[in-house]
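Enquirer: Provide a 3D model corresponding to the input given below.
(chains A and B)
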Amino acid sequence: MSIPLPVFVAIPLVTAFLLPIFSEKRRVGATMLANIATAVLLVLAITSIGQSDVYRIGKWPIPLGINLVLDGLSMLILLAVSVVSFAAMLFSAGYMEQYTAKPKFLSLFLLMVAGMNGVVLSGDIFNLFVFLEIASLASYALVGFGCEHEELEASFKYMVLGSIASMFVLFGVALVYGNTGSLNMAYISKAITATGLNKGLTFALGLFIVGFGLKAALVPFHAWLPDAHPSAPAPISAMLSGVLIKALGVYALTRVVFNIFGVSIHLGWILLVLGLLSMVTGAFLAIGQWDFKRLLAYSSISQLGYVVMGIGLGGLIIADGGSTAWASLAILGGLFHLVNHAVYKSLLFLTSGSVEMSTGTRQMKQMGGLARVLPVTRTTCTIASAAIAGVPPFSGFWSKLILVIAAVQAGFLWLAAVIVFVSVLTLIMYLKVQRYVFLGQLPENLQNVKENRGSMGCAMIVLAYLCVLMGLLLLVPDAKAMVLDPAVNVLVDGLSYSSRVIAMP
Amino acid sequence: MLYAMCFLLFVIGLYCALIKKNMVKIVIGIMIMEYAVNLFLIMLGYRAGGIAPIIDKGHIQAASGMLKSTFVNASVDPLPQALVLTAIVISLGSLALMISICIRTYEKYGTFDITQIRRLKG
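Expert: Predicted coordinates for the structure are as follows:
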């Protein structure tokens, strides 16, 4: 059965506009409705595995109307968005009880999901910009949701840099339209292949790299992330770090670079260097942090570096005319790390939210010995830490292993060394989390803190199971062929995207 | 030449957003960037002495039912105008949100000066 693609945008959008009708007293009903919406999205995303489809809105033929495209890469990110938003929504059912205006929060949350699904599915570059703005606007409001000093400050900072990024992207879209006369990604790609890059298009490409780089918080553009992600409520931090920077940043960047403009040696190097800078800088900055969520935010920058580095390495090998097998291995490592990171980083942010809710603080120096009083949080957090640090057999180990193998095979021995080195730094920072938060002496004032059970516990346990089982996605050949390989092929095949989309019925 | 001036406006907006210390001025800078991009989009579709892209009976060839080439060559491109409308609506939304965040921040801190709004560090 083929699912009509607009439902992925329509369900969260309609639910988002229904939710503000619920008054503050009916927040239970609003929570139920929002949870049902994310659960339905998750089921739909799982049933769409292995499909590829083009939907023409209003039945207009392709260059005239807007089209939605579901291919391997879209499907992978769509799945990650659905899983993380399902868990974060479940978690916010319990967590958001401490805030007022919960129905409005849920409404903004679903708007953000609608925007991300739209970005991932859109086959039209201006439509991509519109959905990008929907998701970004909802996320600016959500970062400042608490309306306290730090939250407003972080939200303003995020909003200024985010708006500048959006303007860069819009300017790029305008230049591309001026030079190719089309807004449809497949037709743009066809036109660029026919004429080659001229000055305007090169400039547009630069604008896209800066714009999407700002959205993805790659290192020269990362200043907003360590303020914005910790200031948001915990489920939103999980969404922002888990999927928003990937759907809006990495996905859009790779789509534009690989499928529209076509990867070249320069582009491969740019992505590789951006990734490397993010990896190393993020890891060093994270180690020095004493604020639990801020440490996690810096570590997000570092982990996202792995993803971009892997994809850039793959692009470099392709453009250099190297072996396709090693190129696809590098891209596989990057994309698999992206999905893994979505799961374990959102889990880590949820556990940090659980700790914050129980103890009332985020400063690691004021915690300690919480293992005894918060058993569920402790277990799930340890699993996620092991996964992110790359301890076998958890998910993070496999993706890092693939990246190392790909780097060695491609002849970048120093790159493999850097990957391992940053991995050690990651291990150190998460040992620090375990040591100061969960082990050691329990302070006097935290003697009778309570574990968060119910929906919050459920959400954390679901993600923890995924962390353990994600390795199977790579090790079971059928699962790999269903989920990961189509996504890798979309990037390896690069410019054949255009003919494939145009040829699809 | 006009495109270069449009780009200049974009850079002025960017400069204003990055250098100014007052929150409201930063918002104004971002809006100038928006206007520069909107202007650029409109200019892409503009054609000196062009006609409005509205089809009436006189523009259709009687024999084939296709559009006359004189119409296609003379009319301005309507697509960028649709894009600009969308972009203006989006920028209105983001402007409203930005200004409301500025007002809430002013209520908390009592100032618009971003050098004095520095609780987040590290």
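Enquirer: Let's see the pLDDT reported for residue 59.
Expert: You didn't pick a chain, so chain A it is. For A:Lys59, the model assigns a pLDDT of 84.
Enquirer: nope, chain B please
Expert: 77.
Enquirer: got a list of what it touches?
Expert: B:67-68, B:71 (C-beta atoms under 8 Å, 6 or more residues apart in numbering or on different chains). Every C-beta, even on glycine, is put in place using the N, C-alpha and C of the backbone.
Enquirer: Kindly report the same for A:Cys381.
Expert: A:347-348, A:351, A:433-434, A:437-438.
Enquirer: Among those, which one lies nearest to A:Val468?
Expert: Looking at those and their distance to A:Val468, the nearest is A:Leu347, at 11.0 Å (C-beta to C-beta).
Enquirer: which residues touch that closest one?
Expert: A:87, A:238, A:380-381, A:383-384, A:460, A:463-464, A:467.
Enquirer: Max pairwise distance over these: which two?
Expert: Longest span within the contacts of A:Leu347, C-beta to C-beta: A:Ala238 and A:Ile383, 15.4 Å.
Enquirer: More neighbours: those two, which one.
Expert: A:Ala238 (32 against 25; other C-beta atoms under 10 Å in any protein chain shown).
Enquirer: got the buried residues for the one helix or strand the more buried one maps to?
Expert: In this assignment (DSSP states H and E), A:Ala238 forms part of helix A:234-239. For helix A:234-239, the neighbour count (16 or more other C-beta atoms under 10 Å in any protein chain shown) marks A:234-239 as buried.
Enquirer: hmm, it in reach of chain B?
Expert: No: judged by C-beta under 8 Å from any C-beta of the partner chain, helix A:234-239 stays clear of chain B, getting no closer than 14.4 Å.
Enquirer: after that helix, next one along is what?
Expert: Counting by DSSP H and E, what follows helix A:234-239 is helix A:252-254.
Enquirer: thinking again about what came up before, from the contacts of B:His59, which land in helices?
Expert: B:Phe71 (DSSP state H).
Enquirer: Chain A contacts on chain B?
Expert: B:10, B:13-14, B:17, B:23, B:26, B:30, B:33-34, B:37, B:40-41, B:44, B:79-80, B:83, B:86-87, B:90, B:93-94, B:97-98, B:101-102, B:104-105, B:108-109, B:117-120, B:122.
Enquirer: Spell out for me the ChimeraX command that would select the buried members of those.
Expert: A single ChimeraX command selects the buried members of those (16+ other C-beta under 10 Å):
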select /B:10,13,14,17,23,26,30,33,34,37,40,41,44,79,80,83,87,90,94,97,98,101,102,104,105,108,109,117,120
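Enquirer: What average pLDDT does the strand or helix carrying B:Leu14 get?
Expert: Following DSSP H and E, one finds B:Leu14 within helix B:2-19. Averaging pLDDT along helix B:2-19 yields 91.
Enquirer: Quick check: of the buried residues of helix A:234-239, which lies closest to chain B?
Expert: A:Ser237 (14.4 Å; C-beta to the nearest C-beta).
Enquirer: which non-adjacent residue is nearest that closest one?
Expert: A:Phe349 (4.3 Å; C-beta to C-beta, 6 or more residues apart in numbering or on different chains).
Enquirer: ok, back up a step: ok, and the most crowded of the contacts of A:Leu347?
Expert: A:Ala238 leads the contacts of A:Leu347 on contacts (other C-beta under 10 Å) with 32 neighbours.
Enquirer: Dump the C-alpha coordinates for the helix holding B:Leu14 into CSV.
Expert: Written as CSV, here are the backbone C-alpha positions of helix B:2-19 (Å, rounded to 0.1, in the frame of the first residue of the first chain):
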residue,chain,number,x,y,z
LEU,B,2,20.9,47.1,-10.1
TYR,B,3,21.8,43.6,-9.0
ALA,B,4,25.0,44.9,-7.4
MET,B,5,23.0,47.6,-5.5
CYS,B,6,20.7,44.9,-4.3
PHE,B,7,23.6,42.9,-3.1
LEU,B,8,25.0,46.1,-1.4
LEU,B,9,21.6,46.4,0.5
PHE,B,10,21.9,42.8,1.5
VAL,B,11,25.5,43.4,2.9
ILE,B,12,24.3,46.6,4.7
GLY,B,13,21.6,44.5,6.4
LEU,B,14,24.1,41.8,7.3
TYR,B,15,26.5,44.4,8.7
CYS,B,16,23.8,46.0,10.7
ALA,B,17,22.7,42.6,12.2
LEU,B,18,26.2,41.6,13.1
ILE,B,19,27.7,44.9,14.4
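Enquirer: Tell me which helix or strand in chain B has the weakest average pLDDT.
Expert: Ranked by mean pLDDT, DSSP states H and E, the weakest helix or strand in chain B is helix B:69-74, scoring a mean of 76.
Enquirer: Let me know the next secondary structure element after it.
Expert: Downstream of helix B:69-74 (by DSSP H and E), the next one is helix B:79-109.
Enquirer: tell me what that following helix is packed against?
Expert: helix A:125-143, helix A:149-180, helix B:23-45 (3 or more C-beta pairs under 8 Å, 6 or more residues apart in numbering or on different chains; DSSP states H and E).
Enquirer: Show the low-confidence segments of chain B, by residue range.
Expert: B:120-122 (pLDDT under 70).
Enquirer: returning to what we had before: tell me the pLDDT of the residue nearest to A:Ser237.
Expert: 94.
Enquirer: Any part of the helix or strand A:Ser299 falls within near chain B?
Expert: Secondary structure from DSSP H and E places A:Ser299 in helix A:292-319. Yes: contact of helix A:292-319 with chain B (C-beta under 8 Å from any C-beta) involves A:Arg294.
Enquirer: Return the residues in contact with A:Val119.
Expert: Contacts of A:Val119 by C-beta under 8 Å, 6+ apart are A:128, A:131-132, A:135, A:247-248, A:251-252.
Enquirer: which of the residues you listed count as buried?
Expert: A:128, A:131-132, A:135, A:247-248, A:251-252.
Enquirer: between these, which is closest to chain B?
Expert: Of the buried ones among the contacts of A:Val119, the one sitting nearest to chain B (C-beta to the nearest C-beta) turns out to be A:Leu132, at 9.7 Å.
Enquirer: Next one, pLDDT for the closest one please.
Expert: pLDDT, read off for A:Leu132, is 95.
Enquirer: Contact partners for A:Arg372?
Expert: A:Leu442.
Enquirer: Just the buried residues of the strand or helix carrying it, please?
Expert: Using DSSP H and E, A:Arg372 maps to helix A:370-373. Neighbour counts using 16+ other C-beta under 10 Å place A:370-371, A:373 of helix A:370-373 among the buried residues.
Enquirer: can you put the residues you listed in JSON lines and add pLDDT and distance to chain B?
Expert: Formatted as JSON lines, these follow (pLDDT from 0 to 100; distance: C-beta to the nearest C-beta, whole Å):
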{"residue": "A:Leu370", "pLDDT": "84", "distance to chain B": "23"}
{"residue": "A:Ala371", "pLDDT": "83", "distance to chain B": "27"}
{"residue": "A:Val373", "pLDDT": "85", "distance to chain B": "28"}
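Enquirer: Just give the closest residue to A:Ala228, not the sequence neighbours.
Expert: Of all residues apart from its sequence neighbours, A:Tyr158 sits closest to A:Ala228 (C-beta to C-beta, 6+ apart), at 3.9 Å.
Enquirer: how much distance is there from stretch A:288-301 to the middle of the chain?
Expert: 17 Å (C-alpha atoms, centre = their mean, to the nearest Å).
Enquirer: Kindly report the same for stretch A:487-497.
Expert: That offset, for stretch A:487-497, works out to 20 Å (C-alpha atoms, centre = their mean).
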